[in-house]
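> with the input below, show me the fold.
(chains A, B, C and D)
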Protein chains: 2
Amino acid sequence: MRISQLAAATDVPVATIKYYLREKLLHDGVLTSATQARYDDSHVRRLKLIRALIGTAGLSVSATREVLLGLENPPESGHDLLGIAHHAVTRTAPDDVDLSSAQTLLDRWGWGAETCDRDTQAALVRALHGLSEAGFDAPAALLDRYAAAMQDIAEADVESVPTDSAEAAMQHVILGTLLMEPVLLAMRRLAQQSASFQLLGGTESPRQSGAQ
Amino acid sequence: MRISQLAAATDVPVATIKYYLREKLLHDGVLTSATQARYDDSHVRRLKLIRALIGTAGLSVSATREVLLGLENPPESGHDLLGIAHHAVTRTAPDDVDLSSAQTLLDRWGWGAETCDRDTQAALVRALHGLSEAGFDAPAALLDRYAAAMQDIAEADVESVPTDSAEAAMQHVILGTLLMEPVLLAMRRLAQQSASFQLLGGTESPRQSGAQ
DNA sequence: TGACTTAGATAGTGGCACTCGCCAATATTG
DNA sequence: CAATATTGGCGAGTGCCACTATCTAAGTCA
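The predicted structure is shown next:
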């Protein structure tokens, strides 16, 4: 398979494939001469994965590279899989936030603070801080309810990880974490619309697309 | 309050404030002469809100402008509030996706398809499509479990909306939708880490920040 | 043989969120 | 009142990012 065929098979422009090759997101094809290389199904799969991570999950190119690197070199610990996926989506801000408020919440929800990544805790603190800065006071009861729902989801996540193969587990955890986020958010919005229609009552038909 | 004091009070550079003024994110101050204007607490609050929407929620400047516009001109229908918030976070891709698969899911989850915004349905379809393109087959049972959890959350969302004032409801819905998303995602990651530690068992201490 | 394709490298594009510099007009300070 | 600092308004520049275009030498295929 030549590069133009790879492009046709994945609907990705040739120039973009070359860019991914340069950026080491996509592994090189087999050179058959100085100006020809062969690509195969592994490139097709990889390219679709790259597009999903960049397009659907919204990762940056460098974060995508790290995730793919993790997929190829699975860590020994079964727990570290998550770290790779979580690190990719956690906006790492070097400003050290105060994690004590996170500790309190994690204790309350029964999530061992010592088993949780500091960056992720910082992400929670930053998100809550942004909320309060904007003048939104989230009642503790509401947060607790959110936490219970997310624990449900996380348990489903962890239980659904295949245990037979390390590679399969790796793939599952990373994709299940990264690519499921937009699914969950879309679900929440749809559920909100449904719930608001039932409780608040829509006076007329809901707002449809063309809002511009 | 002069612009430099406004900058000091919000920790936003003067040049950036001027940029927000130009982009109509921040309302003008009261001109006291050709080259002086006064700002007040409303500007401080607005600026913090802008920063939260752009920084925490990750909105673009133009999406932020639309949200702020919606905050000032609340729609009559109580249901349309959501549309403004949801439109801001929904990557509007002009490619018309096939919504029939979404209809099936919405029916199964008891969310009236006719009460749901098309853009949001399209977002769900696109997210699920990205998932399958990457080689991740989400079992229906898993999606159902996710949907149940998100319905819990959405009900909590809708119930917590204050009913006394239209402005308060507006503010609550928009911030609760947009700024809560990063909170929820961080919660899911923490819950995953906690659950994975308990079920899969971490062989050693979890991966801590410095992954670079 | 001659039209077409490719690897590899360099350079350019468009969008975004700022950021800078300037100027005339004004405010503040001594 | 004079010297200094600040401001509104505006055009232009910056840095980053994800591509995208172009070029050349070296092939492939009919």
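
> check contacts around the residue nearest the centre of chain A.
For chain A, A:L178 is the residue whose C-alpha lies nearest the centre (Cα atoms, centre = their mean; 1.9 Å). If a contact means Cβ atoms under 8 Å, 6 or more residues apart in numbering or on different chains, then A:L178 has A:L53, A:A57, A:L59, A:V67, A:A85, A:A88, A:V89 as its contacts. C-betas here are computed from N, CA, C, even on glycine.

> how many other residues sit next to the fourth one?
Under the neighbour criterion other Cβ atoms under 10 Å in any protein chain shown, A:V67 is assigned a count of 24.

> the first one now?
When neighbours are counted by other Cβ under 10 Å, A:L53 registers 26.

> and chain B, is the longest helix along chain A touching that?
Secondary structure of chain A per DSSP state H: the longest helix is helix A:140-159. Yes: using Cβ under 8 Å from any Cβ of the partner chain, helix A:140-159 reaches chain B at A:142-143, A:145-159.

> quick one: buried ones out of those residues?
Among the residues of helix A:140-159 next to chain B, those classed as buried by 16 or more other Cβ atoms under 10 Å in any protein chain shown are A:142-143, A:145-158.

> check which helices and strands the lowest-mean-pLDDT helix or strand in chain A sits against.
Lowest by mean pLDDT, DSSP states H and E among the helices and strands of chain A is helix A:80-89, with a mean of 84. Helices and strands touching helix A:80-89, by 3 or more Cβ pairs under 8 Å, 6 or more residues apart in numbering or on different chains; DSSP states H and E, are helix A:61-72, helix A:118-133, helix A:166-178, helix B:180-196.

> could you list the domains of chain A?
A:1-56, A:77-197 (automatic domain parsing).

> where does chain A have low pLDDT?
Low-confidence segments of chain A (pLDDT under 70): A:78, A:94, A:200-212.

> what parts of it come near DNA strand C?
For chain A, the contact set with DNA strand C under Cβ under 7 Å from any atom of the strand comprises A:2-5, A:14, A:18, A:21-22, A:28-29, A:31, A:34-37.

> which of these has the most neighbours?
The most neighbours of any of the residues of chain A next to DNA strand C, using other Cβ under 10 Å, belong to A:G29, which has 19 neighbours.

> spatially, what comes nearest to that residue if we skip its sequence neighbours?
Distances taken as Cβ to Cβ, 6 or more residues apart in numbering or on different chains place A:A37 nearest to A:G29, at 3.6 Å, with adjacent residues excluded.

> who is that neighbour paired with across the strands?
Taking DSSP bridges as the rule, A:A37 bridges to A:L31.

> for it, what are its contacts?
Contacts of A:A37 by Cβ under 8 Å, 6+ apart are A:R2, A:I3, A:D28, A:G29, A:V30, A:L31.

> out of the domains of chain A, which is closest to DNA strand D?
domain A:1-56 (3.5 Å; Cβ to the nearest atom of the strand).

> report whether the closest one contacts DNA strand D.
Yes: Domain A:1-56 lies within reach of DNA strand D by Cβ under 7 Å from any atom of the strand, at A:P13, A:A15, A:T16, A:K18, A:Y19, A:T32, A:S33, A:A34, A:T35, A:Q36, A:I54.

> about what we covered before: output the contacting helices and strands for the longest helix of chain A.
Using 3+ Cβ pairs under 8 Å, 6+ apart: helix A:140-159 touches helix A:100-109, helix B:140-159, helix B:180-196.

> same list (the contacts of A:L178) but as a markdown table, adding distance to B:E72.
Formatted as a markdown table, the contacts of A:L178 follow (distance: Cβ to Cβ, whole Å):
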| residue | distance to B:E72 |
| --- | --- |
| A:L53 | 38 |
| A:A57 | 33 |
| A:L59 | 34 |
| A:V67 | 41 |
| A:A85 | 39 |
| A:A88 | 37 |
| A:V89 | 33 |
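
> mark which of the residues you listed are buried, thanks.
Buried, going by 16+ other Cβ under 10 Å: A:L53, A:A57, A:L59, A:V67, A:A85, A:A88, A:V89, out of the contacts of A:L178.

> quick check, the last one in contact with A:T64.
Right, the one you point to is A:V89. No: the criterion here is Cβ atoms under 8 Å, and A:V89 misses it with A:T64 at 11.1 Å.

> re earlier: tell me which of the contacts of A:L178 is nearest to B:W111?
Of all those, B:W111 sits closest to A:A57, with 24.1 Å by Cβ to Cβ.
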